[in-house]
Every structure is written in structure tokens, then in C-alpha cells.
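# Quick one, fold the following:
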Amino acid sequence: MPAPLTPGQLLLKRCVDVAAASIGLVVTLPFIALLAVLVKLDSPGPVVFAQARLGLGGRRFMMLKLRTMHDGADDQKASVAHLNRSDDSRLFKIPEDPRVTRLGRTVRRWSLDELPQLYNVLVGDMSLIGPRPFFDEDLSNYEPHHFGRLAVKPGLTGLWQVSGRSEILDFEEVVRLDREYIDNWSFASDLWILGRTVPAVINRRGAY
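Here you go, the predicted structure:
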């Protein structure tokens, strides 16, 4: 799969990722630690939830999140599939997911569960900006034009997230937004998306 970005663009993007993720981890680490204690007190189970996702070129990596669901919730996915708003297994979106803990609902509303992914960015699994990583089991349902979204590292935030997040229920629209980002990448576009991420999180649009 050919790289859509030049070596210089990739280097610039990586330098920004490392610098921003390093600063972000230092600044948010005390807050992450506090949230970790609250997660542990709220429900039994591990504090951090590691889930296999697909990255650059379809490479598998473990994406980190603060746990917002009851322990073992992944094993219950089939039992709540009928609640999926998108009717597409590649977009699993349940507004009032019964697997989510009491604290988890608040943490997810403000996207605080995503903070550990700064570590994923720092080690190179992810980028600050890019397509949202999907599951490896989704590949069997991919059509040829879907694979283009794997041409760059997945992002902590991206064009899809600032365009509606979970309000976008059409997988083809998600792919279109990802390809639009990849095909028209620039440093300015990354700054624009990053700037729109803050109000999107504050407004909690499409977050559940």
C-alpha cells in the first residue's frame, strides 16, 4: 500500500505526535491517575482496557482506554447487537449501552477514556490526527475502496470525530471522511481538526 504522505510530511507529523503526546501525558498523568482510582472504586475489573485494533497497513496493535464498561463486556457484544443504531457491525453504536458503568457514562461523554491513547501515539501505534482504528474482524467485510483508510496511522481524533462522531451511522460516510482527510492531508488540516476537537468534546456532540 503506497504511502500517501511524502517522507518529509511523515517526519513532520511524527515529530508533532511525539512532542504533543509527551506534553499531553505529563500534563494529564495526575488526572489519569485520579480517574484510574475512580474507575477501580466504581466497578471491579482492570483500570485500563486494551483492545486489538488495526493500524497502518492493517497492522494489529493494542489500543488503550480507561475502562468504562463492566469487566467482560466484550464477551456480551452479541447479546446487545440488536441495540446497534447503525445496523452495521462495522459501526457498533449503542446510545444507552447497558454494559457501560455508572462512572463510564460520564467519562465517555467527555472522551476522557481516550487519554491513555496518548501513549499509543507516543510509541507510534497511532497519530494525534487520523482515521479512527477499527477491528481486525471488520476486514472480512471490507470492499477494495475501504482499505485506503489504512494508508496512514489511525488517530486519537480525526475528521470523522469532529464531523459528528457517533451521529454518523453510515460506514461509507466514515470511509469517505477518512479518505478525504488522507487525500488532502496538510499540516494546516491537522491543526484545523485539532482546533475543532476541543469544542467537539466540550459540546459532547455524538458522544455516548
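
# Flag the shaky bits of the chain, pLDDT-wise.
1-3, 165-166, 204-208 (pLDDT under 70).

# Recalculate using a threshold of 80.
Scanning the chain for pLDDT under 80 picks out 1-3, 85-95, 164-169, 200, 202-208.

# Show me what the longest helix seen in the chain is packed up against.
Among the segments of the chain that qualify as a helix by DSSP state H, the longest is helix 7-42. Applying 3 or more Cβ pairs under 8 Å, 6 or more residues apart in numbering; DSSP states H and E, one finds that helix 7-42 contacts strand 60-66, helix 102-109, helix 117-123, strand 127-129, helix 187-203. (Each C-beta comes from the backbone N, C-alpha and C, glycine too.)

# what angle separates that helix from helix 187-203?
If you take axes from the mean of the first three to the mean of the last three Cα atoms, to 10 degrees, helix 7-42 sits at 20 degrees to helix 187-203.

# Buried residues of stretch 149-168, list them for me.
Buried residues in stretch 149-168, counted by 16 or more other Cβ atoms under 10 Å: 149-163, 165-166, 168.

# Looking at the helices and strands packed on helix 7-42, which is nearest to residue 21?
The minimum distance between residue 21 and the helices and strands packed on helix 7-42 falls on helix 117-123, with 4.0 Å, by Cβ to Cβ.

# Identify the residues contacting the closest one?
Identification of contacts with helix 117-123 by Cβ atoms under 8 Å, 6 or more residues apart in numbering yields 17-18, 20-22, 24-25, 28, 61, 63-65, 126-128, 156.

# Are any of the residues you listed buried, and if so which?
Neighbour-count burial (16+ other Cβ under 10 Å) applied to those gives 17, 20-21, 24-25, 61, 63-65, 126-128, 156.

# follow-up on the earlier one: just name the most buried of the helices and strands packed on helix 7-42.
Mean neighbours per residue, mean count of other Cβ atoms under 10 Å, is largest over these for strand 127-129, with a mean of 26.

# before we move on, the earlier item: closest one of the contacts of helix 117-123 to residue 100?
Using Cβ to Cβ, those come closest to residue 100 at residue 65, 12.3 Å.
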